[in-house]
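Asks: With the input below, show me the fold.
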Amino acid sequence: MQETLLIPLYARAVENHKEHALLRDPRAEELVASLDYDFARFDGLPSLTGALLSTLLFDRWVADFLSAHPEGTAVEIGTGLNTRYERVDNGRARWFDLDLPDVIGLRGNFFTDTPRRTMIAASVTDGAWAAEVASRADGPYLFVAEAILPYLHESDVRRVVDLLADRFRGALPALDTAGPGFFETQEPHDALSKGEARMQWYCPEPAQRAEWRPGTGVLASHTLTSLPDPMLAELPLPYRQMVSALTAQRLPQAEGYRLNLLHLP
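Replies: Residues are numbered from 1 along each chain as shown. All right, here's what the predicted structure looks like:
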């Protein structure tokens with residue numbers, strides 16, 4: 001599962017070279033150059049663009065949250081080698097980067113803790129990390145789980161949702177879900193097929209999963225073909241054309257993957 005953190009990292013590094021890029025991430029380029037890994041196996045994969053669009057929407061949600069709550073707290077669940085802090089930090093917020101011990105060990109080679117930014121080595125299902133965040137930072141809280149929860153079993157996902165709802169009332173979780181179209185095509189998937197990680201949690205309708213905790217609201221839910229209009233309008237022309245073509249094809253892989261912003265009661 002940890003190997004999946006390299007796919008979005010490489011996508012951002014490659015994108016940083018382009019004249020009309022979806023986003024700029026020079027730090028991702030530095031990380032790729034520093035790692036002894038055959039990233040060429042991901043060259044030219046269509047899903048790299050999907051990973052970038054997903055990241056771009058999560059970036060917007062974090063930026064919107066920090067605009068509304070400049071001294072709020074952002075928690076990256078399954079942070080991997082993400083560099084969202086470098087892209088959208090406002091200089092005032094509190095950040096936590098959470099991942100498994102081996103990933104945090106790798107991350108520690110490239111990042112260091114600061115008074116506002118802390119790495120935590122733990123499983124997302126372990127309640128100890130939540131206690132640490134709650135004791136060290138005030139809300140409001142935004143939790144970003146990008147390309148993490150679908151790889152857990154449903155019982156573990158429910159445990160994570162309960163953990164957030166019990167510890168951080170009113171928090172905003174941003175997460176992705178895999179519906180039937182995406183879940184059932186992961187074996188031949190251009191990127192996932194190159195590794196051993198497979199999704200375990202099947203979520204046909206995010207609104208139904210919100211009912212796990214009565215009062216949970218779905219603030220936004222998008223596929224890669226139904227991105228927010230303001231975001232779509234800001235994409236470079238080649239990417240707008242690509243999204244338009246993808247929309248016309250109505251591929252199960254594109255329609256079955258959703259990006260969601262929730263509000264916990």
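
Asks: Which parts of the protein are strands?
Replies: 73-77, 94-99, 117-121, 141-145, 172-178, 217-222, 257-263 (DSSP state E).

Asks: Let me have those strands in CSV, adding mean neighbour count, mean pLDDT and distance to residue 50 as columns.
Replies: All C-beta atoms are positioned from the backbone trio N, CA, C, and that covers glycine. Below are the strands of the chain laid out as CSV (neighbours: other C-beta atoms under 10 Å; pLDDT from 0 to 100; distance: least, C-beta to C-beta, whole Å):
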stretch, mean neighbour count, mean pLDDT, distance to residue 50
strand 73-77, 24, 98, 20
strand 94-99, 24, 98, 22
strand 117-121, 18, 98, 27
strand 141-145, 24, 98, 17
strand 172-178, 24, 94, 11
strand 217-222, 14, 94, 12
strand 257-263, 22, 94, 8
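
Asks: Quick one: those as JSON lines, columns for distance to residue 85 too.
Replies: Below are these laid out as JSON lines (distance: least, C-beta to C-beta, whole Å):
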{"stretch": "strand 73-77", "distance to residue 85": "8"}
{"stretch": "strand 94-99", "distance to residue 85": "5"}
{"stretch": "strand 117-121", "distance to residue 85": "6"}
{"stretch": "strand 141-145", "distance to residue 85": "11"}
{"stretch": "strand 172-178", "distance to residue 85": "15"}
{"stretch": "strand 217-222", "distance to residue 85": "22"}
{"stretch": "strand 257-263", "distance to residue 85": "19"}
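
Asks: give me every residue that touches residue 127.
Replies: Contact partners of residue 127, counting by C-beta atoms under 8 Å, 6 or more residues apart in numbering, are 163, 167.

Asks: which parts of stretch 22-39 are buried?
Replies: 22-23, 25, 27-29, 31-32, 35 (16 or more other C-beta atoms under 10 Å).

Asks: pull the CA atoms of it into CSV?
Replies: Coordinates of each C-alpha in stretch 22-39 appear next as CSV, following Å, rounded to 0.1, in the frame of the first residue of the first chain:
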residue,chain,number,x,y,z
LEU,A,22,-2.1,22.2,-13.5
LEU,A,23,0.0,23.0,-10.4
ARG,A,24,3.6,23.8,-9.5
ASP,A,25,5.5,21.5,-7.1
PRO,A,26,9.3,22.0,-7.3
ARG,A,27,9.7,20.1,-4.0
ALA,A,28,8.1,17.0,-5.6
GLU,A,29,10.7,17.2,-8.4
GLU,A,30,13.5,17.3,-5.8
LEU,A,31,12.1,14.3,-3.9
VAL,A,32,11.8,12.2,-7.1
ALA,A,33,15.4,13.0,-8.0
SER,A,34,16.5,11.9,-4.5
LEU,A,35,14.7,8.6,-4.4
ASP,A,36,16.3,5.4,-5.7
TYR,A,37,13.2,4.1,-7.5
ASP,A,38,12.3,3.3,-11.1
PHE,A,39,9.7,6.0,-11.7
